[in-house]
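# Got a predicted model here, sequence first, then my questions.
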Amino acid sequence: MRRVRPGAATSRGRGTAGTVRGGAPRAAGEERALTSVAAGHACDGPDDVPRLWHVTLSLAGDEAPLTEVRRALEQLAHDHPFLLTSRYAGDHAEIRYWEEARDLHDAAAVALRLWGEHRRSAGLPPWEIVGLEVIDRDTYHQRVAEGQGPPRATPVGVHPF
């Protein structure tokens, strides 16, 4: 069953990146406030209803000891409880989780900050983000149904590649 916000069915796929609440155009360069449910954002109207986004964050960098990478990813999972699966090697990692945000832009912005904001507290390696995929819930479930989603055999948690 697909839930759609009132009035959203005809605009599917067009997004609202260039508008502010109410449909008015946003001025060039105007900053928009990020709104993640985790940040305690209250929804003011139908355009602010948060949605679930599946995030895959890929990281890479210089070789690090596997035990330290695993411990750091486990700490990240503890600090960020919505983390689903982390896979790692000595020089790269992949993190998958669900983010609840108003739109793709907010979900991607939160994802791009995740590694840097937790680098010190979790002891993460000084790797850089080399890939980001953010898809909505319907797309995720469609991919899984078509056999193109993440492997079902991968259990939740931190695992080596």
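Perfect, thanks for sending it. Residues are numbered from 1 along each chain as shown.

# mind listing the helices in the protein by residue range?
66-79, 104-122, 137-145 (DSSP state H).

# Now the second one: buried residues?
In other words, helix 104-122. Within helix 104-122, the residues that count as buried by 16 or more other C-beta atoms under 10 Å are L104, H105, D106, A107, A108, A109, V110, A111, L114, W115, H118, A122. (Each C-beta comes from the backbone N, C-alpha and C, glycine too.)

# what angle do that helix and helix 66-79 make?
For the pair helix 104-122 and helix 66-79, the angle between their directions (axes from the mean of the first three to the mean of the last three C-alpha atoms, to 10 degrees) equals 120 degrees.

# Report all helices and strands that helix 104-122 contacts.
The elements that helix 104-122 packs onto, with contact taken as 3 or more C-beta pairs under 8 Å, 6 or more residues apart in numbering; DSSP states H and E, are strand 51-60, helix 66-79, strand 92-101, strand 128-136.

# G157 contacts Y88, doesn't it?
No: judged on C-beta atoms under 8 Å, G157 makes no contact with Y88 at a distance of 11.3 Å.

# I'm done for today, thanks for sticking with me.
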